[in-house]
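# next comes the sequence, and after it the predicted model I'd like to discuss.
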Amino acid sequence: MKVVLTRSQDRILQLLKQMQRSASAQDIYVELRNRSQGVGLATVYRALDALKLAGVVQVRTLASGESLYGSVQEDRHHLTCLHCQESIPILECPVHQLEAEFQANHQFRIYYHTLEFFGVCKNCALQYPADSEDQPAHHCPDNCSDHLSDHVALPEKH
């Protein structure tokens with residue numbers, strides 16, 4: 001089925017294809033304005049939602065809650081650091097067989113899938129050695145590490 005796009009949706013889709021990376025709605029809004037193709041921020045969000053529902057844009061949500069949008073051209077999977085927010089692409093996809101089984105067994109049309117692992121990168125592990133060893137990683141924008149035990153059962157130290 002061919003999807004009919006509005007002018008704003010088409011501009012956003014073309015921009016995402018040109019960027020060849022995921023971007024936030026704010027980044028897309030700013031880039032369109034820089035290219036003198038300005039549309040309102042609310043229009044950008046509505047267009048991204050419609051493109052996602054049409055299966056031509058995929059969205060991934062970072063641990064911070066920020067959503068990143070990209071065109072559905074290939075699988076993109078990531079290792080994302082909870083401290084510095086660096087996303088390291090994973091080149092191989094371990095779930096293609098599972099996707100095919102789901103489509104066949106559940107008669108469910110899958111447009112795309114995402115796979116995201118959250119943890120601590122090598123550089124942050126050196127800066128925060130406790131997070132990479134025996135304590136759960138934490139990332140709170142308001143420095144809530146003092147209250148982490150209120151949210152997560154911490155392992156006992158022996």
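Yep, that arrived.
# check the most centrally placed residue in the chain and give its pLDDT.
Nearest to the centroid of the C-alpha atoms of the chain, with distances taken as C-alpha atoms, centre = their mean, sits Arg60, at 2.3 Å. You'll see Arg60 listed with a pLDDT of 84.
# and it, helix, strand or coil?
strand (DSSP: H, G, I helix; E, B strand; the rest coil).
# that one touches Glu66, doesn't it?
No - using C-beta atoms under 8 Å, Arg60 makes no contact with Glu66, being 9.5 Å away. (Each C-beta comes from the backbone N, C-alpha and C, glycine too.)
# per the record, what domains does this structure have?
Per automatic domain parsing, the structural domains of the chain span 1-73, 74-158.
# can you list the weak-confidence ranges in this structure?
1-2, 73-76, 131-158 (pLDDT under 70).
# before we move on, the earlier item: most tightly packed of the domains of the chain?
domain 1-73 (a mean of 16; mean count of other C-beta atoms under 10 Å).
# tell me which stretches of the protein form strands.
57-61, 67-71, 77-81, 87-90, 115-119 (DSSP state E).
# now distance to Gln18 too, for the ones you listed, in CSV please.
Formatted as CSV, these follow (distance: least, C-beta to C-beta, whole Å):
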stretch, distance to Gln18
strand 57-61, 14
strand 67-71, 9
strand 77-81, 21
strand 87-90, 18
strand 115-119, 24
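# Ala42 is nearest to which of these?
Closest approach to Ala42 among the strands of the chain (C-beta to C-beta): strand 67-71, 15.1 Å.
# and the contacts of the closest one?
Contacts to strand 67-71, defined as C-beta atoms under 8 Å, 6 or more residues apart in numbering, come from residues 13, 16-17, 21-25, 28, 48, 51-52, 56-62, 76.
# and the angle from that strand to strand 77-81?
Counting by axes from the mean of the first three to the mean of the last three C-alpha atoms, to 10 degrees, strand 67-71 lies at 160 degrees to strand 77-81.
# got the angle between strand 67-71 and strand 57-61?
Using the same axes, to 10 degrees: strand 67-71 against strand 57-61 is 150 degrees.
# for strand 67-71, what is the distance to the chain centroid?
6 Å (C-alpha atoms, centre = their mean, to the nearest Å).
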